[in-house]
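>>> Show me how the following folds:
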Amino acid sequence: MWHIKEHRDIGRICRRLPVAVVKKYELWKDIVFRHGPEKAREFPGFHDEKLKGKRKGQRSSRLSLQYRVIYKVERDTVTVYVLEITPHED
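Numbering: from 1, shown residues only. You can find the predicted model right below:
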């Protein structure tokens, strides 16, 4: 089992998000908790990808066309840090 740590603002952010986005985030968390982030990458709907630039070392999974969950995997402690849920920037 994996540990998922969320940034302290995630709860507040989720209260402002559309219900469908929060449900998809909960599904993503459940998959990552049980099977790890590699398993979430197998689902094409999440379109998981490595980020570049100032977000190098972080990953993004799609929750909707607009929203992404940004996270970082720390393998030493088998922990996923959810940094933010944000609208996608072009």
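>>> strand partners of the helix or strand containing Val82, parallel vs antiparallel please.
For Val82, the element it lies in under DSSP states H and E is strand 79-87. Neighbouring strands of strand 79-87 in its sheet, by DSSP bridges, are strand 3-6 (parallel), strand 67-74 (antiparallel).
>>> Save those as CSV, and put in mean pLDDT, distance to Thr86 and mean neighbour count too.
Placement of C-beta: from N, CA and C, glycine included. CSV is the format used below for the strands paired with strand 79-87 (pLDDT from 0 to 100; distance: least, Cβ to Cβ, whole Å; neighbours: other Cβ atoms under 10 Å):
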stretch, mean pLDDT, distance to Thr86, mean neighbour count
strand 3-6, 87, 14, 16
strand 67-74, 89, 6, 20
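>>> Where is the longest helix in the protein?
Counting by DSSP state H, the longest helix found in the chain is helix 19-35.
>>> That one vs strand 79-87, what angle?
160 degrees (axes from the mean of the first three to the mean of the last three Cα atoms, to 10 degrees).
>>> Residues contacting the next helix or strand after helix 19-35, please?
Per DSSP H and E, the first helix or strand lying C-terminal to helix 19-35 is helix 37-41. Contact with helix 37-41 is made by 2, 28, 31-32, 46, 48, 59, 61, 71, 73, 80, as judged by Cβ atoms under 8 Å, 6 or more residues apart in numbering.
>>> Kindly recompute the last result at 10 Å.
Contacts with helix 37-41, where a contact means Cβ atoms under 10 Å, 6 or more residues apart in numbering, come from 2, 4, 27-32, 46-49, 59, 61, 69, 71-73, 80.
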